[in-house]
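Visitor: Turn this into a structure:
(one chain, ligands or ions: 3)
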Amino acid sequence: EVCVEPSSPQRLSQYACQRRTTTINHNKIFTDAFEVLIEHAEFNENEGRCLAFMRATSVLKSLSGAVRCLWDLEGLPCLGDQTKAVMEDILECGKSSKVQEILSDDKYQALKLFTSVFGVGRKTAEKWYRKGYRTFEEVLADSSISLNKMQKAGFLYYNDILKGLNRAEADVLSQIIEKTVHTIVPDAIVTLTGGFRRGKEYGHDVDFILTTPEQGKQEGLLGCVINKLRYQGILLYHDHQQSTFDFKKLPSWKFEAMDHYEKCFLVLKLKSDLVEVDTRRDDAAERDWRAVRVDLVAPPISHFAFALLGWTGSRQFERDLRRFARHERKMLLDNHALYDKTKKVCLSAKTEEEIFAHLGLEYIAPWERNA
Ligand code: 8DG
Ligand code: MN
Ligand code: MN
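Guide: Ligands and ions are numbered 1, 2, ... in the order given. The predicted structure follows:
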């Protein structure tokens, strides 16, 4: 007996870019468990296991109903024996013993805590763990540890940044960024991207793409934006990365987190009646603002569609778009371009729709990319 219908009458694709995944997740009980397993595999650099659980999570997120028994998984892609064993545990006992074990693991807890700081990656967290540290107090008390600028900001605004932002706060920020950008280049195009473009209610940051109708005029724009934000007194931290973009370079083979466009990672003061300030903090009484993370990226207009598709995410959707392009179409896709290896040409595009069309894929709207 089948309790769950796949989201389409045909067999569900193994590629997230051929599935429609909204923010409504009927299988959170399973995907939350898998997310712990993914993180644990990441900490242990077990790439294969990590990928397997990420794909399984993504498939479950795309289902139109809750999985109630293992029979429901019949015919679904990317669900192997390991993932099914975890799900069986949850179906029977309400939780997975494997996940419980990880959650109570000393190393997992420490790495999870340390990597929750903006600017602290797996390697740094591991180093601190090896020194025997388990708390922030212990790390900060060690004078031989020198924090970089990003990590300093990460600790300074830890509680604020951890809280993230809701949709209304993201809208306030959009207005601030738009206004600031338009005082510099009046016809610049400011586009909300990342999780909020996918319709998420909460985000750990807000992502924007800035470009200009006139090719090349976006150069230097981010530097001016940063100066204006500083002048407004709302710039708390910035990491400005210059463009290393090369028009002649072919798309990258591997899934890179970073692209070559000029970008900046910011921490800004968000002041608004809407903004909730954590009143438990000692300094909150004197504060009418909260620190929030903002990412800005500035591609040239000629490459806007590729940047938009790349920065809208989700990460799993991007990963599978690239995998689909390579394995099913013999094409290379990244945040900059799409290259047809058979025809040996780069395929240009003005819109995301054109990129999907080049790939022979049905268009998937941003809010259906929460894979
Ligand atoms: P969230 O912030 O709501 O937690 O989720 P998100 O918006 O999906 O995640 P994100 O970490 O803000 O990343 C948004 C997209 O940006 C994601 O699909 C990956 C993409 N991205 C790139 N290049 C880079 C980069 O250089 N740095 C970062 N942080 N993200 C990048 O394509
Ligand atoms: Mn984001
Ligand atoms: Mn981001």
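Visitor: Residue in the stretch 201-350 of the chain with the shortest distance to ligand 3?
Guide: Here the stretch 201-350 of the chain gets closest to ligand 3 at one residue, residue 295, 3.9 Å apart by C-beta to the ion. Where C-beta positions appear, they are placed from N, C-alpha and C, glycine not excepted.
Visitor: list the contacts for that residue?
Guide: If a contact means C-beta atoms under 8 Å, 6 or more residues apart in numbering, then residue 295 has 194, 205, 206, 207, 208, 263, 264, 265, 266 as its contacts.
Visitor: Can you verify it is assigned to a strand?
Guide: Yes: assessed by DSSP: H, G, I helix; E, B strand; the rest coil, residue 295 belongs to a strand.
Visitor: Find the nearest non-adjacent residue to it, please.
Guide: residue 207 (4.6 Å; C-beta to C-beta, 6 or more residues apart in numbering).
Visitor: Residues touching the helix or strand where the one you found lies, excluding its own?
Guide: In this assignment (DSSP states H and E), residue 207 forms part of strand 206-211. Under the criterion C-beta under 8 Å, 6+ apart, residues 165, 170, 173-174, 177, 181, 188-197, 218, 221-222, 225, 292-301, 304, 307-308, 311 lie in contact with strand 206-211.
Visitor: and the longest helix belonging to the chain, which residues are buried?
Guide: Ranked by residue count and defined by DSSP state H, the top helix of the chain is helix 167-184. Residues of helix 167-184 classed as buried under the neighbour-count rule (16 or more other C-beta atoms under 10 Å) are 169, 170, 171, 172, 173, 174, 176, 177, 178, 180, 181, 184.
Visitor: May I have the distance across stretch 98-114, first residue to last?
Guide: 22 Å (C-alpha to C-alpha, to the nearest Å).
Visitor: Give me the buried positions along it.
Guide: Result for stretch 98-114 [16+ other C-beta under 10 Å]: buried residues 98, 99, 102, 107, 108, 110, 111, 112, 113, 114.
Visitor: Quick check: residues of this structure near ligand 2?
Guide: By the rule C-beta under 5 Å from the ion, the part of the chain lying against ligand 2 is 194, 195, 203, 205, 207.
Visitor: Once you drop chain neighbours, what's closest to the residue in the chain positioned nearest to ligand 2?
Guide: Closest residue of the chain to ligand 2, C-beta to the ion: residue 194 (3.3 Å). Spatial nearest neighbour of residue 194, chain neighbours left out: residue 207 (3.1 Å); criterion: C-beta to C-beta, 6+ apart.
Visitor: What residues are recorded as beta-bridge partners of the one you found?
Guide: Residue 207 has these beta-bridge partners by DSSP bridges: residue 193, residue 295.
Visitor: What is the neighbour count of it?
Guide: A count of nearby residues for residue 207, using other C-beta atoms under 10 Å, gives 22.
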